[in-house]
Structures are given as C-alpha cells and as structure tokens.
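Novice: with the sequence up front, the predicted model follows.
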Amino acid sequence: LGAGNLAISDYMYVVEAKMDCQPKTAKTERKWKNPTEVMRMRKKKLQRKASTDSLGAFPTIQNKENSPLTTATGPRVGPVRELENFRSSRQLASPTTSKRPRASCLQEISNTSKKRNLGEKVSSSLPLDWSLKTKARFTSLRSFSWASAVKTHQEADGIARFVAGTPSTEERADERTELQRHLMVWLHPSLPFVKLFPRIETRLTSHHQLSLLQDQQVLDALKEDWSTSFRSAFQLLKASRCPYFYLCANQFTALFLAAGVSGSVAITALLAPTTGGLRQQLKKEGVEFTLPLAPDSVTKAVGGENLEDSENEDDTTASSWLHSMGLVTDDLPTAINSQKIAFQKSRTVDIDNHPESVVRVEGSNVHALFNFLLNCKTAVSTTGAQAGIPPTILAPSAFEGATLKSLKMKQSTVHEHIGGKLTRVHSLDISGPILPQALHNLCTLFQQTQQGNFSAYLNCIESTGGFNPGSKTQLSSPPRSTVPRHTPSCIDTYIASESTSQKSGLREVHCENSLYSVN
C-alpha cells in the first residue's frame, strides 16, 4: 500500500515471516487454561505462602546476604535442601543451644554433690549395714548397657564363682561375669507360685490360700523339709562355714552371725521387731537376751531384772496409806496387781514393733533361740497366701535344701535435677532379697565400670534397720585368730569398719570420685 506498492497478501506474508524469526517466549506461547488448573495453581501459591510464614516464626539470620536460604544468583533451591540450610543457619545463629559436653554435666554433678555432702561423712568404703534390701536403683551418667549383653559362658562363670565361694581378692573376671555372680542368693523354701520375700507385708492384701497348701500332708512335708534346712544352715554357722543367714517370718526377722563377724567373739543372733508377748515367750524358754537400742529404763524392765527397786517405794507408800485407812493390802490384791501391770506396760509398750525393740542373743543362748524358732508356731502365718509356709531362709552360702536364685535386673533412663536442670541419666534397677555382701560387691563393681561416679537409692525393710547397732553398742574388733577364714573379703572389711548409726538402714549411697557418702 503506498510507496512500497505492496499488496495486502504480501504484507501479511512479511509479518508472518518476522513472527517466525522471533524467539518463542512464555508471553508469545500463552495458552488458554481451564478454570480447574487456575484454582489448583492459586491453592499452591497459598500453601507456599503459609509455609513461608511459619518459617518466619523462627529466629532469622540478620545478614541476609550470607544466609544459606538465599543465593547470590539463580532460582530458589528445593524444599529439602532449603530445610537443611535452615537447620544449619539456626545452629550458626544460636550456638548456645547445642548439647552440653559430658564433662560439663559431670562437673555440675560434682558441684551438686559437694553442696549435698557438706555436712556428711565421706569415706573410701561403705559402712556396715545389716538391714535387708528389697530394691535398689543405681543411677549414673554413663550407660549400663554393658550389663545387658551377658553371654552364656559369662553367666556360667558367674554362677560357678558364686557357688564355689571364690573370694573377691582373687583374680577378677570381666564385668558381666562379676555382675552375674553378685546377683545370686541361696534361699529356702522355693515355691514359684507364692511370693516368699518379703514376708512382712506393709500393706493389707486380700490373697486366698491355695488349695494345694490346704492339704495337711503337704504342710507337714514343707515343715519337715524346712526344719532340715534350718538345722543345716545353723550347723554351718557354728562350724564357721557360713558367715551369716537371715530367717524371715511373717512377724519378725532374725539375723544369725558367725563368730568374728560384725565385731562379735561368739555366734550372735538379732531378732526384730519384737513385742512384749514374744519377749515373755523367750524368757519362758530360758533364752537370755538384751535390748541394745532400748532406753535404760526399758532394758531393766524387760531384760529380766527385778522391778523391786522401782516398785517397792510405790508399794510401801500405797500400803501405808491403806493401813492408815484401816484396810489391809491382802484385801485388795486385784487393785495392786493391776497397778503393777499398768506400770510395766507403760514402760515397755513404747518400743514394741519399733527398731528399739531389737533383741540381741549371744553365745550359748543362741542355741536356745534356735530351738525356740524351730518349734515356734507364731513364725508361721495362719491366713493369707503364705498360710502354713515356714519362714524364708536367706544365705550367701549353700546349705542343705537351698535353692539358687537370681535377682531381677532392669535397665531404663530417668530424669534428675542436677544443678537446677533436668538431666537424663541411666539407671539399673535390681529387685529381690539384696544381702549386705551383694550390695557391697555391686557398689565396688560399679565404682570401676562407672568411673567412680554413681548413686544408689535403696528400699529397706523397716524392721531390719535395728540390726545396725551403731556407735551405741559397737564392739571392739576381735582378734584375728577368732575371725573365720571362710569369711568373704567384703564381710572381712566390715569387721574393722564402723557400722551405720541409722536405725532405718541406708537409704542413699552417693559415690563421687570413688568416695562414698551415705544417707
């Protein structure tokens, strides 16, 4: 048209040629989209915006140019790489939130223990504690995982060492073998379907006696078998072949000690808790005893001494008053006797079923106590799941009819407040009849495996806390000639060590840098 004198068809051809020569872009290739696709894209944009807002709630880095979330050139990275960059940026932005090293935790525990043990006595060995333990929890920052992977030969070696009574001073085995060895105990009777420890229940239970135990022939067989085992354990004790053993009944617990153990020259027996009726039965059987933890006034009233020194003055005053009234004391025997009975009860009832009621028997009187317990009917329960079952005998050495049992062990993790912060620590729970020898050996073992830093929380039988005489009745160490050669090394060290003065037994044991402090 015009100067070019081009036709309309020629002009259209030129325009189409120019469009073909131009590069194809997103603007030139726009296509018509369906409404569903538009809504899908809009929804994706909203989701991306919401995720961006949630990420913005976390602390951001001030220097945006060096931020790993953005790059100098190029498009935005993918979501996975973006999340990794974001985590690394948080570590760079707040380095104080990283985990504390183990050394700092140990330092906090050490500082806390120094504050806790400010007024406590620290020693390199554990004090003497003859109270029976039912549970023990050992805690430490170091893991107890080594205790779970016990191999077959290690278990066999541990059991063989315990049965043979190998002293701890000889060649030590690996940790797992020693652990298996210290978790063993001899007991009688052993009935898998009845719980026989502890025998003194602290709470009421509504258990019914099994039909098997209702047969008199079965009960007679159990009693005869138990008498043989009790006699065997006592003979081994007298022959210095067994250092000690416990007799756990439903109403009391007895501890028999060999000569030389716990500072005693002759064999000794401790009985707790006791009542006025039980002590009267001991008197009738000719068993002479003492009350080492009772007050002096109660000791005089219960120990067999006459009450004439304290009662004659009251009787003289009462008789003179009655004579002045024209009455004779023979006319009122009931009133006078009731006064004496009330006077005796007021002086003895306060120690019944308490740690102060522990009875101590020594020398030849121990044999009389043995005969009394051998035929004592009150030592056997008449009701409940343990009705008709003789008392439980626990010993570190084998005796006739004894059954070898292993304590139960469980690992877990707990949280404790250390230095004002809640710290995760590893724990090892042990349940069952824990004897003094086992507790001492376990603490010695954990002192090595946990690098001298651990704590133990113990659950004791309250009545057996009176077996610890403390400084009040601490006896001087006997000559070495009277100490049995069989005595294990852990008990041998107790002979020269001081016993704990706590009437309830040890509750907590803390070992810091191989030094012990107890509560």
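Specialist: That came through fine.

Novice: how about residues contacting the longest helix that the chain contains?
Specialist: Among all segments of the chain classified by DSSP state H, the helix with the greatest residue count is helix 216-238. Among residues not part of helix 216-238, those counted as contacts by C-beta atoms under 8 Å, 6 or more residues apart in numbering are 188-189, 212-213, 242, 244-245, 247, 256-258, 267, 370, 373-374, 380, 388-391, 393, 395, 397, 399-402. (Glycine included, C-beta is placed from N, CA and C.)

Novice: now, these that are in strands?
Specialist: Judged by DSSP state E, strands contain the following of those: 188, 244, 245, 247, 256, 257, 393, 395.

Novice: mind checking how far the third one is from residue 158?
Specialist: According to C-beta to C-beta, to the nearest Å, residue 245 and residue 158 sit 21 Å apart.

Novice: neighbour count winner among these two?
Specialist: When neighbours are counted by other C-beta atoms under 10 Å, residue 245 comes out ahead of the other of residue 245 and residue 158, with 26 against 23.

Novice: and the pLDDT for the closest residue to that one other than its chain neighbours?
Specialist: Nearest residue to residue 245, sequence neighbours excluded (C-beta to C-beta, 6 or more residues apart in numbering): residue 395, at 3.8 Å. Per-residue pLDDT puts residue 395 at 96.

Novice: other SSEs contacting the strand ranked longest in the chain?
Specialist: For the chain, the longest strand by residue count, based on DSSP E, is strand 421-434. Under the contact criterion of 3 or more C-beta pairs under 8 Å, 6 or more residues apart in numbering; DSSP states H and E, strand 421-434 touches helix 102-116, strand 133-140, strand 184-188, strand 408-418.

Novice: who's in contact with the third one?
Specialist: Strand 184-188 is contacted by residues 158-159, 162-163, 196-197, 226, 229, 392-399, 401-407, 432-433, 435, 438 when judged by C-beta under 8 Å, 6+ apart.

Novice: go again using 6 Å as the cut-off
Specialist: Applying C-beta atoms under 6 Å, 6 or more residues apart in numbering, the external contacts of strand 184-188 come out as 162, 229, 393, 394, 395, 398, 401, 402, 403, 405, 406, 433.

Novice: for the second one, same thing?
Specialist: Taking C-beta under 6 Å, 6+ apart as the criterion, the residues outside strand 133-140 that touch it are 198, 425-431, 434, 446, 450, 454-460.

Novice: against residue 226, how distant is residue 129?
Specialist: Distance of residue 129 to residue 226, given as C-beta to C-beta: 28 Å.

Novice: name the residue in those two with the higher neighbour count.
Specialist: A count of neighbours by other C-beta under 10 Å puts residue 129 above the other of residue 129 and residue 226, at 24 against 20.

Novice: how much space separates the closest residue to that one other than its chain neighbours from residue 370?
Specialist: Leaving aside its sequence neighbours, residue 129 sits nearest to residue 506 (C-beta to C-beta, 6+ apart; 4.7 Å). For residue 506, the distance to residue 370 (C-beta to C-beta) stands at 29 Å.

Novice: could you do residue 513 as well?
Specialist: Taking C-beta to C-beta as the measure, residue 513 falls 45 Å from residue 370.

Novice: more crowded one of these two?
Specialist: Taking neighbours as other C-beta under 10 Å, residue 513 and residue 370 compare with residue 370 leading, 23 against 11.

Novice: which residue packs closest to the more buried one, ignoring adjacent ones?
Specialist: Leaving aside its sequence neighbours, residue 370 sits nearest to residue 234 (C-beta to C-beta, 6+ apart; 5.4 Å).

Novice: again with residue 123
Specialist: Closest residue to residue 123 in three dimensions, ignoring its sequence neighbours and counting by C-beta to C-beta, 6+ apart: residue 516, at 5.4 Å.
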